[in-house]
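> With the input below, show me the fold.
(one chain, ligands or ions: 2)
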Amino acid sequence: MAEQPVFLSDDVVARFLSYDELIPKLEEVLGQFSRGVSSEVVQPVRSVMPIHNHHGYLGLMPAYIAHEDILCTKMVAFYRREGNLNLPSTQATVLLFNPEYGNVRAVMDGLDITHKRTAAVSAISAKLLMPAQSDVLCILGCGHQAVSHYEIFTRLFSFKEVRVCSRTLETAERFAARVQGPMKVFTSAEEAVHGADLIITVTNSSEPVLFGEWVKPGAHVAAVGACRPDWRELDDVLMRDAVIYVDTREGAAVESGDIILSGAEVFAEVGEVLNGTRPALRNKTTVFKSLGMGIQDAVAAKLVFDKWKSSQ
Ligand SMILES: NC(=O)C1=CN([C@@H]2O[C@H](COP(=O)(O)OP(=O)(O)OC[C@H]3O[C@@H](n4cnc5c(N)ncnc54)[C@H](O)[C@@H]3O)[C@@H](O)[C@H]2O)C=CC1
Ligand SMILES: O=C(O)C1=NCCCC1
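Residues are numbered from 1 along each chain as shown. Ligands and ions are numbered 1, 2, ... in the order given. The predicted model follows:
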């Protein structure tokens, strides 16, 4: 008889998921994905269904990584929350399967996985693309992704200054109280961005929050929000002037409003840079447009499950 699935709650997942193990696994799988051997890493573009009555979307993100025998899917609900900050903007559940039988081995809360793997992939892009001398980090948006990005970026890199700015001063101040470490809270995005070497956009805005004329030439931008074809975080000037990197070309062509609506050309997948088949143009202004991938959730879920299992 097939084993019964275990349920791993968010705090259990968080306990077993470490950036130190996650980052090398993500680098490996991003490289394999971009090698394009479709039988090795199978990941269709996510299917996304609108939840009209609640300004939301439900995304289904299946992935199969053959050589590691990982079969997984994440279901993620995400919302445009205009006013009501008490409602969550993202909820996620991850199912990890036994690939041989097709039964579910684990049902996991997917929030910690989503927060950490997204921030880890942004950090991988930054390692490759940010200016060699990066003193000033600026984070636009002060929600959940801002927290995980702050944690990993300040752990991996040393900045002289970290700046944050959100839509309201209240959310920025709440963020500053939640994370450990120094930062300056700005009320003007333009002032926060001025002179920054590395800019992270983690907003739920559907209109541009970052404008090319504000961005220091040579800076690197990790753009994490705007994951719908009609949503923007970056304006046309920035999209036109920067060299554009993505997690997947296929996903970007279908889901990224910044790419579709600006008509910008994608230069490379981050996996291609990791493989050495496309260059990291560090001296130019670069944008990494992140949309999120099922394979990222899959390697994270496997790490969590294996650690949980060996703790039993
Ligand atoms: N690329 C990826 O893999 C993933 C992307 N996302 C996306 O990342 C974005 C952020 O996610 P969460 O942090 O979970 O959302 P959240 O709701 O916790 O935080 C969003 C933040 O953006 C701020 N914001 C909204 N409009 C703004 C503006 N015009 N200027 C500055 N700040 C503004 C809000 O005040 C809030 O602090 C969302 O769009 C989400 O869909 C989420 C998960 C994975
Ligand atoms: O990859 C993910 O997870 C998500 N991507 C875009 C929007 C919400 C979640």
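
> so, in contact with ligand 1 or not, the worst-scoring helix or strand of the chain on mean pLDDT?
Sorted by mean pLDDT, DSSP states H and E, the helices and strands of the chain end with helix 169-178, the least confident at a mean of 91. Yes: using Cβ under 6 Å from any ligand atom, helix 169-178 reaches ligand 1 at Thr171. Any C-beta I mention is one placed from the backbone N, CA and C, and that applies to glycine too.

> who does that helix touch, helix- and strand-wise?
Applying 3 or more Cβ pairs under 8 Å, 6 or more residues apart in numbering; DSSP states H and E, we find helix 169-178 packed against helix 144-156, strand 161-165, strand 184-186.

> Give the buried residues for it.
Thr171, Ala172, Phe175, Ala176 (16 or more other Cβ atoms under 10 Å).

> right, so of the helices and strands packed on helix 169-178, which gets closest to Val266?
If you check each of those against Val266 by Cβ to Cβ, helix 144-156 wins as the nearest, at 22.1 Å.

> Report the mean confidence score over that closest one.
Helix 144-156 carries an average pLDDT of 97.

> just stretch 182-193 next, same as before
Rounded mean pLDDT across stretch 182-193 is 96.

> Regarding that stretch, how distant is the last residue from the first?
Its start and end residues considered, stretch 182-193 measures 17 Å (Cα to Cα, to the nearest Å).

> Extract the CA atoms of the strand or helix carrying Ala119 and return them as PDB.
According to DSSP states H and E, Ala119 maps onto helix 111-129. Taking Å, rounded to 0.1, in the frame of the first residue of the first chain, the C-alpha atoms of helix 111-129 are listed here in PDB:
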ATOM      1  CA  LEU A 111       4.900  30.200   1.600                       C
ATOM      2  CA  ASP A 112       8.400  29.800   3.100                       C
ATOM      3  CA  ILE A 113       9.500  27.900   0.000                       C
ATOM      4  CA  THR A 114       8.100  30.700  -2.200                       C
ATOM      5  CA  HIS A 115       9.700  33.500  -0.200                       C
ATOM      6  CA  LYS A 116      13.200  31.800   0.100                       C
ATOM      7  CA  ARG A 117      13.500  30.400  -3.300                       C
ATOM      8  CA  THR A 118      12.500  33.700  -5.000                       C
ATOM      9  CA  ALA A 119      15.000  35.700  -2.900                       C
ATOM     10  CA  ALA A 120      17.700  33.100  -3.500                       C
ATOM     11  CA  VAL A 121      17.200  33.200  -7.300                       C
ATOM     12  CA  SER A 122      17.400  37.100  -7.200                       C
ATOM     13  CA  ALA A 123      20.600  36.700  -5.200                       C
ATOM     14  CA  ILE A 124      22.000  34.300  -7.800                       C
ATOM     15  CA  SER A 125      21.200  36.900 -10.500                       C
ATOM     16  CA  ALA A 126      22.800  39.600  -8.500                       C
ATOM     17  CA  LYS A 127      26.000  37.500  -7.900                       C
ATOM     18  CA  LEU A 128      26.300  37.300 -11.700                       C
ATOM     19  CA  LEU A 129      25.100  40.700 -12.800                       C
END
